[in-house]
Every structure is written in C-alpha cells, then in structure tokens.
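A.B. asks: Attaching a predicted model along with its sequence, questions to come.
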Amino acid sequence: MDIVVETLRAELADLGNVADLVRVMLRLSVACALGACLGWERERSGALAGLRTHMLVALGVAMMIVASQMSGVAQAELSRVLQGIFAGVGFVGAAAIIRGHDGERVHGVTTAASIWATASIAAAAGLGLEVPAIVATLFAVVILAWLRRVENKQIAKLASKVDGS
C-alpha cells in the first residue's frame with residue numbers, strides 16, 4: 001500500500017501547492033470561456049465548427065502551454081511548442097473549408113480563421129495573459145458578429161439595386 005501512496009504522491013507532485021492548482025484552473029477556464037464566446041457566435045451563424053469545437057481547441061492549446069511551462073520548458077523553447085500547436089490548428093481549420101460543387105465558391109474560411117484566432121487567444125490565456133486574451137476575444141466577436149450584419153446590409157442593398165434595375 002505504501003508503494004501506491006508514494007507513486008500517487010510522486011505523480012501529483014507537479015501541483016505542489018494550491019496556488020499552482022488555482023493558476024492552472026484559471027488559465028484553462030479562461031481559455032475555455034473565451035473559446036466558447038467565439039464558438040457560440042459560429043454556432044449561431046450555422047457554421048460547422050461551433051461551440052464544442054472552439055472550446056476544445058481552446059482547451060487543448062491552453063493545456064499544451066500550461067503543461068509545457070509546468071514541465072520546465074525554457075521560455076526560448078516555448079516558441080517551438082507554439083509553432084507545433086499552430087501547425088496542428090491549421091489542419092483543423094483546413095477541415096472547415098469546403099469547396100462548393102461549382103468548384104469556385106469556397107465555404108468555411110471564416111470558421112477556419114475563427115479556429116485559428118481561438119487558438120491564439122487560448123495561447124495567451126495559457127501563458128497567463130488573460131487581459132490581452134479577453135480584448136482579442138472582444139475584437140473577434142465584433143469582427144464575426146457585427147461585421148456580418150454590415151455585410152448582410154450591403155448585400156441586401158446591392159440585391160435591391162439589381163432587382164430594381
């Protein structure tokens with residue numbers, strides 16, 4: 001029994017104190033919440049990658065950053081971790097892009113960009129840069145939601161001109 005207790009103690013030694021546990025929980029929670037903001041907007045607009053996808057991307061990216069820092073990865077080496085993360089996120093984003101049957105129209109580029117933005121926001125949260133992550137999320141929501149309304153109004157104006165001609 002002692003071997004089991006010692007093994008558990010050794011395995012859980014990475015969270016040496018309550019402050020470390022709170023820091024991990026805060027960073028992961030902030031990343032998930034901010035990913036949810038972008039995911040909810042994409043879900044409302046009918047995008048294929050919605051709430052759960054954005055939250056999972058955010059959680060995964062933040063976790064890789066937190067785990068790297070906790071495992072003692074040097075700050076200079078963290079750039080390689082980030083490079084790997086963003087290469088992987090590029091594949092997730094690429095999966096969201098679909099070419100239409102006509103071969104010319106492409107769908108999903110905005111969703112792919114929102115996944116990439118979610119990853120960068122989560123990286124900031126994972127690094128403990130919560131304020132820039134929150135500000136970037138606000139910018140992204142404005143870009144996704146408010147500018148879509150502006151685009152739709154412009155499209156409606158153009159359509160009415162074409163119909164009225």
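C.D. replies: Arrived safely, thanks for sending.

A.B. asks: quick one, helices of the chain?
C.D. replies: 2-11, 18-44, 51-70, 75-95, 109-126, 130-141, 147-164 (DSSP state H).

A.B. asks: helices or strands up against the fifth one?
C.D. replies: For helix 109-126, the helices and strands in contact under the criterion 3 or more CB pairs under 8 Å, 6 or more residues apart in numbering; DSSP states H and E are helix 18-44, helix 51-70, helix 75-95, helix 130-141. Backbone N, C-alpha and C define where each C-beta goes, glycine included.

A.B. asks: ranking these by burial, who's on top?
C.D. replies: The highest average neighbour count among those, using mean count of other CB atoms under 10 Å, belongs to helix 51-70 at a mean of 21.

A.B. asks: okay, the angle between that helix and helix 130-141?
C.D. replies: On the basis of axes from the mean of the first three to the mean of the last three CA atoms, to 10 degrees, helix 51-70 is oriented at 160 degrees to helix 130-141.

A.B. asks: Now do helix 51-70: which elements does it pack against?
C.D. replies: Against helix 51-70 (3+ CB pairs under 8 Å, 6+ apart) you get helix 18-44, helix 75-95, helix 109-126.

A.B. asks: mind checking pLDDT for the residue most central in space within the chain?
C.D. replies: The centre of the chain sits closest to Thr118, judged by CA atoms, centre = their mean, with a distance of 2.3 Å. At Thr118, the pLDDT value in this model is 97.

A.B. asks: I figured it was touching Arg52, is that so?
C.D. replies: No: in this structure, Thr118 is not within contact of Arg52 by CB atoms under 8 Å, at 11.9 Å.

A.B. asks: Would you mind listing the residues touching both of the two?
C.D. replies: Gly39 (CB atoms under 8 Å, 6 or more residues apart in numbering).

A.B. asks: out of the helices and strands packed on helix 109-126, nearest to Ser160?
C.D. replies: Closest to Ser160 of the helices and strands packed on helix 109-126 is helix 18-44 (CB to CB; 25.4 Å).

A.B. asks: Off-centre distance for that closest one?
C.D. replies: 9 Å (CA atoms, centre = their mean, to the nearest Å).

A.B. asks: Just the angle for that helix relative to helix 147-164, thanks.
C.D. replies: Helix 18-44 runs at 10 degrees relative to helix 147-164, counting by the same axes, to 10 degrees.

A.B. asks: Helix 109-126 and helix 18-44, what's the angle between them?
C.D. replies: Going by the same axes, to 10 degrees, helix 18-44 makes 170 degrees with helix 109-126.
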